Structure formats: structure tokens, C-alpha cells
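K.L.:
I'll drop the sequence and a predicted model, then ask my questions.
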Amino acid sequence: MTDIRYLAPRTLDEAISAFAAAGSAARIMAGGTDLLVQMRSGAVRPGLIVDIKKIAEMTAIEETADGGFRVGAAVSGAVLAEHARFGKVWPGVLEAINLIGSTQVQGRASAGGNLCNGSPAGDSVPALVAAGASVTLQGPNGRRQMPVEKVPAGPGRTNLLPGEILVSFTLPPRPPGSGDAYLRMIPRTEMDIAVVGCGVSLTLKDGVCTAARVGLGAVAPTVLLVEPAAKALIGSKLDDAALNAAASACSAACRPIDDKRGTIAYRTKIAGVLLKRTAAIAAHRAGGN
Amino acid sequence: MTKLHVSTTINGEPAEFLCEPDDTMLDALRGPLGLTGSKEGCSSGDCGACSIMLDDRLVCSCLMLSAEAEGREIRTIEGMAHGDHLHPLQQKFLELAALQCGICTSGMLVASDALLQKNPRPSEEEVRFWLAGNLCRCTGYDKIVRAVLETAADMREAAQ
Amino acid sequence: MNVITNNKWIGQRTIRPDGADKVTGRAAFAADTNMPGMIWGKILRSPHPHARIKSIDTSKALALPGVKAVVTSRDIVDFPVDKSVMLGIQDMRWMCRNVMARDKALFPGHPVAAVAATTEAIAEKACALIEVTYEVLPWSIEIDDALKPDAPILHDFMKFEGKPSNIGGRIEVKKGDIAQGFKEAEIVVERSFTTRPVHQGYIEPHACLVSVGADNKTTIWSSSQGQFMVRAMTAHLTGIPQSDIRAIPAEIGGGFGGKTIVYLEPLATLLAKKSGRPVKMVMTREEVMRATGPTSGSKSTVKIGATKDGRIVAAQGTFYLQAGALPGSPIRGAVGCSFSPYDIPHVLSVGFDVLSNRSKVAAYRAPGAPIGAYAVECVLDELAEALDMDPLELRLKNAARQGTKAAFGPVFPRIGYVETLQAAKAHPHYSAPLGKLQGKLQGRGVASGFWFNAGGESSAQVNITEDGNVVVTTGHPDIGGSRAAIANICAELLGIDYRRVSVLIGDTATIGFSNLTGGSRVLFASAMVVTQSAEKVITTLRERAAKIWEIDPEAVKWENGAAHPASPNAGQFEPLTLAELAAKAPQMGGPIGAGVQLNTEGAEGGFGTHICDVEVDPELGIVRVIRYTAVQDVGRAIHPGYVEGQMQGGVAQGIGWALNEEYIYTKDGKVDNPGFLDYRMPVCSDLPMIDTVMVEVPNPKHPQGVKGVGEVPLVPVMAAVANAIHNALGQRFYSLPMSPPKVLAVLEGEG
């Protein structure tokens, strides 16, 4: 009854040609934890599903020569958690990815899928933005890089060009004294979409914050890189005044909506609360490094 | 309109079936494979009643295309007991009354088994967070958590 | 804690008879059943909250290859609105309109037509090809909107105080003179409360498989709380005589009251009849959330007056409960139960049934009582605070006891409410110090509750197999472990190992009439008829032994699974075991078995008192329940594990209702959260261990002292949580759920 087709190519080139040829009727599938739900509800009716999990580059985790990481777009949270070093270097990114859904979902869901689904509340994204991660895209016109924060275009939309597939994430090398963290507010203890998500990555030297990035999710049509918040932290000893200034900057940056998960007022208020808590954890981790 | 032919291994036995490209693994299990032990509670990955093992990974079968089973190893609730020999978790669930209506039980057992294989010494908190994706409306989870913790202790003792 | 301590099986944590199948995935739930030639049924549902149906054109659907039948309301028996036809508490006038819209679609999701086709996909496609012309009408959902003077009226025939109205009914319960009562009160607390609609939340969607022969002989397998209800409703709605319908109860994956009516079976029957093929229908989760029977949202006002020394002299409650699109909200529970734990001389309790364009409510575990208890138990907490009295002391001082006349009518016999208060007070939880975690606030609250329970019709058969074991057939679907308890009772009575007792649930063709599984009545009622059946069997066994020994049956006793001479005077005979007598049965008089059908009476209400500790994150407004103890007067715990389970399950549902569960609507009047992602039920990590204390005050009117236990545990929970939050924050909450944005708003002075 369906005219839908399923392909599981083994090379990126195969995937791209099939994907590009099918145009807007095609969908990339990694863990399928968003795609299958959307198909079942009728929100999405793909003509072609391109399963990328058999492509080596998509499922690999590599440490780059300069000490960074390259994580394939289809790597599941559960596999990433089992990597010997990744979670030690990027605990915030790892915990963000592993907050997506349940244990069962973590067995399948990937940061690539989470980012490309384009939900403003996707848990992995604020942490990846804070980490300064970039993505490698490949399409019919070749390969290019892009900072993670430039990928989301709006709810359900990305800035990937037609035919482009997200291949991997690159995380930069970590200076000593660095730490990251991700916190989200959800009403229950698990299984909810983030009402607000906050990722903070920072570097401390002799107790002074020398670098910081703040990513805020679920408070705008796309995840926000909150530069004023980072500026408030940089150069400070993360004292109350600095944290409060950063928190206010987060609240000020919010452009949320009222929906079934939260109100404008609530999200705006707690964005600041989360910033303080997340920064504290990141600082604690940084101190240990 | 051509169906896909899938060859796979289910509970240690070779199996094959025909499916539509957009059928989920849950559709295949409950349909052509006749394995109705995995249950459909929501079809959106929120209740865990359809939990299975995909190559030693705990997943929701409703969030997996049946076509993906090609060449993989699937384990379902039907593979947990050996003949009439129940798995210690199954036996403990019965002894501790860790089920009432039973609709979540298949998923709970598969998920709990996955936990104990990965972590033979879970704390109560670890059990609770691991099982957060398995909804139960009858028991309030208390006896389920106790059953998992007690089974873990029994299995550690037996291993000594 | 068994009062009678010399039991072998009663009170033991035996393995339930249906257990092995449930832990191996072998148990057959309705959606697991298949038949050769089976086709699939799907429903076309109204997209509008309120609309007149001008026309339905099914021709394109019928023409689609693979479609075997289409059903519209024309195929369903009409029950005219001017003649009430009751089936239990359900009125068939509303049932026939609920199962499919007749002239008006009354809520988004209201079935408008149904299709059966060779695949689910074809059936869905066919539904989309049915052309319906709607005249969209204005709608309302919330109680306030439905009661406005210019509110759209759902039913022209519905009048209240002579005017067209959305009020479907009013009930009142009275004791004494309420005005006099408040004159005597020295301190009065009056508060208003609101609650949102919540769903029973069973994990198994409704499902059925129906096969209809050319001669109308119909077999229905379905997930339901009553196979006799399924048969009767289907008969009423399709016109097929009851004797031609065999309704078989599949294992049921949760009900909590939501499966005490039918949604699919009549439609599947008509589709099966028209197509000549077995038809399977399974609801999606979205259909369950949109179009089954979540319970009422409510608005209540409760006013309680007491003397300065803490004697409650007057209590008044007004409860508005949503009915949904057709009459029948559970005002009886709110009005009748809320003040029942207390001996109050002057009571006036009034309830209003308010209709609006959301799906018709179905029962939800002690229907109406949790809503009323939330209001009353919170007001009592405020009263205790105003009186500077311990909240359990206030309840003890005013507790209903044997001889108290309940406002809803009866004089209480021996009840166990005081015992629950005393047990709660003495429990280590009540005196445990609250913790002080950095940045978080902890608090403790208590609340009590009451539920009527019920008896009603039940049938059972106890048959001895030729090899000397026992098969018990009962008539009620098992939603809580009743088979396990029945096995315990039967084993106890016959004096044999419980593993020799097989307990089955009969269908409408194989067991006598038995009322619904609901009202906390299954064990009460079925234990009674099983007991009487077993006693008849024992009489037969004694007669058989007497024949063999050639003595008088009076001289034979049955003990430990065998017949013995009753005394040395009767003679010296070796005991005759059940197996031996069974083996001799053909020569000694024939099959050994008995069946009993009764309208059981003597059910007594149950009481619970709960203690709840919460921890609040005051910056985010998040509340977590960190400790919970439920004390309940359970009569007699025949199988303690499953009684505890009922208590724990009810508490979990109440915590969800208190903190996060609610129906959220779009501005178009549709349900915005029809799934488990955004309809937020408690997950495993949300809850602590739930401690239970079973107080056994046996029901003197029951052979084993059984009282219903299943519904009471939900009644006190929301108030216990609200009172705990008040203790933590010093702020009271008058609306549920107490979700983080609302808690934060109250904390910041905006609530």
C-alpha cells in the first residue's frame, strides 16, 4: 500500500546521490526516534528513507590529532557513553545527549538526528553550542563545515542545503582547566521535552574564567548562543555578581512561546536559574581538570 | 508495493519475514512473526511496553524499522525463559507480586534484564532511572524496583 | 497482621494463577488475538468540537479496493432521548450517541463512521475518503464557559430549572440543618478548588476482535471490565439478541474504570456482520486520549465550621463536575464520599453535572471521590492549622465510627477509619524528622478518604476434576489480582495446596451473570459465591464419604483436603482424600461441583489515611514526593501482595493527578497532549518506595471478612500532596495540578 522505499547504503556517496535524487520526499534516518514517531502520526510521509547507520564515518568516534573529537552523526548516546575518553573530556555534551528520552531511546538516538530534527528544545544542541562544536556536511556540491549554532533555522528546519547530510560533529581540543555541563528543567525526572535547556562550557585559570560559551535551548525558535552571558562570566571569578549578570543576560535573551510545555514567563525566569546551576557544575569540573 | 524480505535471528533462532518498508519491528513481531509478547502501548517510544534487545542494546521496537533487523540479533520477552525454566527476574516478579495487569511486564522484564547484564550492582536510583522509559500504571513501581534489586542480589550471590 | 492467624493460604503471598503467562509474554490480551480471514476496522472521527452533521457520503470509501464494510449511525439502534434505558449506571440514550455521533458531533474525536478493510492502511485511507458535511457550531469546554448565560447548549432536550442548560443533573445529600450548624461554628474555613481532567492512563489501548456468523451468532474478544456489560451494550446497540452474543474477556491491560463501557465492540460487530469477516479494532494511543473517557475537571467550594475545641459542627460542599458531551459525571462520589470519614451533625453536599464539548467521562477509580476529598481534606488541614491542632488529631476527634450516620444515608457498622488514623499517627513516618537539603524545602501532609465499595451480582462454579483437583470459574475480569485471592480462598476452604486450584474467568456463555469489575467489588462478590460453591462441594464430598463408610453425613467432617469421621463415635475410617473421592465420583453419584449465582450484599465502605513528604525546589517550582505511607482499612488481605499493589498503584495515580497530569486544549478546542510525552504520568524515577499499612478490621458480613480495597487508595492522595507542599512552603494550592509554573507563581506571589 505504501510507495515508500528504504535504503541502507554503505557509502556516503551512495547516500547522498539517493538522498539528493529523491529531493524533499526523502528523509535521513539514524536512530529513527523522531522520524518514526512523525511517520506514525502522519506529520511526515517520506517517499524514501535513507538509513545512514551502515556508513562507517557516520558511526565512528575518533580522537583528532589536535586532541579534539570527531563523532559520527549517527552515533547513539549509549555508544558514545561507552567510549573510554569522550565522557571524561566532554561530560556536559555526553550528559546532554543521554538525557534525550529513555534508556531505550538512548540506545538509538543520535546527536545528529537531534540537531537535524530542528526542535528548539533538543537536549544535545545547547551543550554542543556551548562546546563550540562544528558540523561537517556533505552534499552533491561537496563537503563543508559549519558551527553547530548556525545549523538550526527555526522549529523543524535547518540550514542544510538540499541533498546535504550531516556527517559528523567536531569538538575542539580542550585547554586544561576546562569543564562543561548541561542542565534542563523538566517537570518530571525523565521522559519530558526540555522546558529550558542550558549548556555551559568554560575554562578557568587560577580561579579566573578565561573562556566561556553559553547555549540556551527551548527559549527561542532556535537554540541560542548567548554571548552576553558568556561575556559576563569571562574575566570573573564566577562570583555571585558575575553569575547573576550572566543569568540576567540569559533571561534577557529568551524569546520563548507559551505552549503545552511551558509559559513565556516561566521559561524566562528559570533560564537564569539554570544558568547559575549549570555554570557552577561546569566550574567544578573545570577545577578538577 | 513490493514487500521487503528480511532475514534475521530472533531469540537465537533464524527467522525471516516480509514487511513494508515503513513497518516497525513491533509491527513485524506482532504480525508476521507471531510474537505478541511485545506490546503496543503508544507507538511513540514513550511507554516501553514494546522493549526488545537489538544486538545487546535495549530499544523500543516501535522506534525501529523492521527492515533494520536484517542480519541482526533480536531478543524479545519470548526468549527470556528457557522452556519452562523461568529467568530469575521472571520468577522474582511473580514472587514479589511485581505485576498486576501485566501489560507493561514484558517490557519491564526485557529492560530489567538489560540493566542487570550491564550493571550487576545497581542502586535503587539507578534502577529507577534505567526503567524511566517503562510506564506502569498499576503498581506504582515499588514492587518492580524491589524485584530487580533482589534479583540482582540473588544473582551476585549465585555467581560467588 | 492477620486477625485470624491459623490460615494456611489466606494471607499468603502465593503465585498468581495467571502469572506465568504474564511474565513470559504468553498472556492473551485483546490485540494479541487473531483469526483466519480477519480484517481491520478503523474509525472516522469528527475534527470539530461541536457540529451538526448534515450529510455523510460513504460511496468513495465503499468503492476503494479492500474495503469490506462501512458503518454509520444509521446502523446503530437509536435510543430516543425521551426514554431512559438503564444498563447499570449507564443510560443507553447516551451510550448510543457516544459510540457514534447521530445528528451532532459533540467533541473532537467523536466517531462519525467506521470502515473495515483488508489492511489497517486501507481502512484508514477509506476513512479519509468518507465525505462529511458539517455545520460547525460554537463550543465550550471549561465549566465556567459551559455555564455562561450565552453558552452554546449541547442538547436541546436538556433543561435545568425550566431553561435550556448544559447542566445534566443535580444531586444533594443532607443531614441536620446546615444554617444551624454554621451558627454553632466558632471558626469557619471556606475555600474553592479547581481540578483539571485526567485520564485513567491504562497502558493497553482498547481493542477487540469480533466474529459474526451468517446466523448472527457473535463472538467478541475484548479488553473490558465486564464481559456481560459488553454483551448487553452490544446487544442493545446492534439489535442482536444477547443469547446470540458470546463476549469473552481477554486479559486486560489496565482499566481503572475506563473500560466499564464500550467504544469499539458494537462498531466491530456491525462491521463483522456486514462484511462476513472477523473484524479487529485497536485504538491508537491518540484515540485513547482524545476519545475515551478521561474523568471530570471540577470546581468545588467547601465550607467547614468547627467549635474552638475542634468539634466539626457543619460542613457544606458544592461540586461542579464535567460530564463531557453527554450526561453522567461522577457527582455521586464527590457528594457522597467527601464528608463520610467524619461524624458531622449538619451537612449539605450538592453536585452538578456540567456538559461541554469534550469526550464523555468514564469512571476513574472511586469516581468523584478523589475530587471531593481534595477539597475537603485541604480545608480540614487549614482548619487544623487555624485551631492549632495536629491534623490527625482533628480527624480522630471527629472520626466516623460504628453507629455514625453518614450524610449519604447509612449508619456505619463496624468500620476501620479510626484504626487508620491511629496507625498513621503511630507510624515512624509521622514522627520522622524532615530533612534539610541545601536549597530545597521539605514538608509533610496528611489526608484521609472514603469510598463506598460495592457488592452486586456474581456467579461462580467450583468443579472437581477427575484427578482430584479444582477448577474455579468466576465471572469478573481480573484487574488487580483477584484470581490469586480466589485461589487462596478456595484452597483454604478445601484444605488443599493452592497450586491444585485453577482459577479461570468465564465468558458470557460459560459462567452466570456477573456484574462489572469495578467499584472494588470483585473479590468481595466473587469470594462470596466461590465460598458458597465450595461449601456445597464440601457437602457433596462429605455425603460421598458417608456413603462409602455407610454412616450419616453429619458424622463426616472435611479437613485438610480429606473427609474424616467427625468423632471417634462415627467409626474408625481412613481419611478419604479429594483425589480418592474424585476418582470414585462416577460410581458414587456423578460429577462433583457446584455453582452459585447471587446478588451479593453486605459490602462495606473503606477508609484510608495517607502521609506524604515532599521536597520542593523553590527556584524552579518542582515538587518531588520523597516519602509516602498509605494506611488503609482493608477488611482482610487475602493476598497481601496484591492488596499492597492496589494501594501503591492508587497512590501513584494520585501523585500524577496532583503534580503533572492534566488535559491541555488548543484554542480550537482540541486535546493538545494526546500522548504519553505530554500527558505526564509518573515514571519510575519520579516516585519513592510507597509504604503500605494494611489495617484489618474484617467485614462481619463477609465469609472471609473481605472489603473492597482497589479504589480507596486514590482518594486521599491529592490532598496529602497539597498539604505537604503547604507544610514545605507555607502556601496553599487551590488548583491542580501543582505543576512547576503554578508552584513558582504562587511562591512569587502571583498565584
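P.N.:
Great, that's in hand.
K.L.:
Let me see the ranges of the helices in chain B.
P.N.:
Assigned by DSSP state H, chain B shows helices spanning B:25-30, B:88-95, B:105-118, B:124-130, B:142-159.
K.L.:
Including distance to residue C:368, could these go into CSV?
P.N.:
(Glycine included, C-beta is placed from N, CA and C.) Below are these laid out as CSV (distance: least, C-beta to C-beta, whole Å):
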stretch, distance to residue C:368
helix B:25-30, 37
helix B:88-95, 34
helix B:105-118, 31
helix B:124-130, 32
helix B:142-159, 27
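K.L.:
Up against chain B, what does chain A have?
P.N.:
A:1-6, A:8, A:29, A:31-33, A:36-37, A:39-41, A:49, A:51, A:53, A:76, A:78, A:101-105, A:107-108, A:189-191 (C-beta under 8 Å from any C-beta of the partner chain).
K.L.:
at 6 Å instead, please
P.N.:
Within chain A, the positions near chain B by C-beta under 6 Å from any C-beta of the partner chain are A:2, A:4-6, A:32-33, A:36-37, A:40, A:102-105, A:107-108, A:190-191.
K.L.:
Drop anything exposed from those.
P.N.:
Among those, those scoring as buried are A:4-6, A:32-33, A:36-37, A:40, A:102-105, A:107-108, A:190-191 (criterion: 16 or more other C-beta atoms under 10 Å in any protein chain shown).
K.L.:
what's the farthest-apart pair in these?
P.N.:
The most widely separated members of those, counting by C-beta to C-beta, are A:5 and A:190 (35.3 Å).
K.L.:
what's the closest non-adjacent residue to the residue of the stretch 501-650 of chain C found nearest chain A?
P.N.:
Closest to chain A within the stretch 501-650 of chain C is residue C:619: 4.6 Å, counting by C-beta to the nearest C-beta. Using C-beta to C-beta, 6 or more residues apart in numbering or on different chains and skipping residues adjacent in sequence, the residue nearest residue C:619 is residue A:273, 4.6 Å away.
K.L.:
any idea how far that neighbour lies from chain B?
P.N.:
23 Å (C-beta to the nearest C-beta, to the nearest Å).
K.L.:
related to what we said a few turns ago, count of neighbours near the residue of the stretch 501-650 of chain C closest to chain A?
P.N.:
18 (other C-beta atoms under 10 Å in any protein chain shown).
K.L.:
Kindly indicate whether it is helix, strand or coil.
P.N.:
coil (DSSP: H, G, I helix; E, B strand; the rest coil).
K.L.:
and it, what are its phi and psi?
P.N.:
Backbone torsions for residue C:619, taken as degrees, to the nearest 10, come to phi -80, psi -30.
K.L.:
same question, residue C:541
P.N.:
The phi/psi pair for residue C:541 (degrees, to the nearest 10) is phi -60, psi -40.
K.L.:
contacting residues for it?
P.N.:
Applying C-beta atoms under 6 Å, 6 or more residues apart in numbering or on different chains to residue C:541 gives the contacts C:558, C:563, C:581.
K.L.:
how far out from the middle of the chain is the helix or strand hosting residue A:270?
P.N.:
Counting by DSSP states H and E, the element that carries residue A:270 is helix A:264-287. With C-alpha atoms, centre = their mean, to the nearest Å as the basis, helix A:264-287 stands 17 Å off its chain's centre.
K.L.:
same thing with stretch C:26-44?
P.N.:
25 Å.
K.L.:
can you check stretch C:34-47 too?
P.N.:
For stretch C:34-47, the distance to the chain centre is 27 Å (C-alpha atoms, centre = their mean).
K.L.:
Need the distance between the two termini of that stretch.
P.N.:
31 Å (C-alpha to C-alpha, to the nearest Å).
K.L.:
How about the nearest residue to residue C:735 once chain neighbours are set aside: which residues does it bridge to?
P.N.:
Spatially, and ignoring its direct neighbours in sequence, residue C:735 is nearest to residue C:194 (4.4 Å; C-beta to C-beta, 6+ apart). Beta bridges link residue C:194 to residue C:299, residue C:735, judged by DSSP bridges.
K.L.:
do residue C:505 as well
P.N.:
Counting by DSSP bridges, the residues bridging with residue C:505 are residue C:474.
K.L.:
That one - how many residues pack around it?
P.N.:
Per other C-beta under 10 Å, the neighbour tally for residue C:505 reads 26.
K.L.:
So which residues on chain C come close to chain B?
P.N.:
C:15, C:19, C:22-25, C:27, C:32, C:201-204, C:253-254, C:285, C:480, C:641-642, C:645, C:648-649, C:651-652, C:675-677, C:683-685, C:687, C:689-690.
K.L.:
contacts with chain A among the residues you listed, please.
P.N.:
C:683, C:685.
K.L.:
among the residues of chain C next to chain B, which are in helices?
P.N.:
C:19, C:22-24, C:285, C:641-642, C:645, C:648-649, C:651-652.
K.L.:
of all those residues, which two lie farthest apart?
P.N.:
C:285 and C:641 (29.5 Å).
K.L.:
that older thread, if we take the ones in helices among the residues of chain C next to chain B, which one ends up nearest to residue C:591?
P.N.:
Minimum distance to residue C:591 across these is 28.8 Å, recorded for residue C:19 (C-beta to C-beta).
K.L.:
contacting residues around the closest one?
P.N.:
Contact analysis of residue C:19 by C-beta under 6 Å, 6+ apart lists residue B:94.
K.L.:
Neighbours of the closest residue to chain A within chain B, how many?
P.N.:
Using C-beta to the nearest C-beta, the closest approach of chain B to chain A is made by residue B:133 at 2.2 Å. Residue B:133 is flanked by 27 other residues according to other C-beta under 10 Å.
K.L.:
ok, now residue B:89?
P.N.:
Count around residue B:89 with other C-beta under 10 Å applied: 25.
K.L.:
surely it meets residue B:114?
P.N.:
No: counting by C-beta atoms under 6 Å, residue B:89 stays clear of residue B:114, with 10.6 Å between them.
K.L.:
Now the nearest residue to residue C:577 once chain neighbours are set aside: phi and psi?
P.N.:
Nearest non-adjacent residue to residue C:577, counting by C-beta to C-beta, 6+ apart: residue C:562, 4.5 Å away. Dihedral angles of residue C:562 (phi, psi; degrees, to the nearest 10) stand at phi -150, psi 160.
K.L.:
Touching, residue C:562 and residue C:573? I think so.
P.N.:
No: using C-beta under 6 Å, residue C:562 is not in contact with residue C:573; the gap is 10.6 Å.
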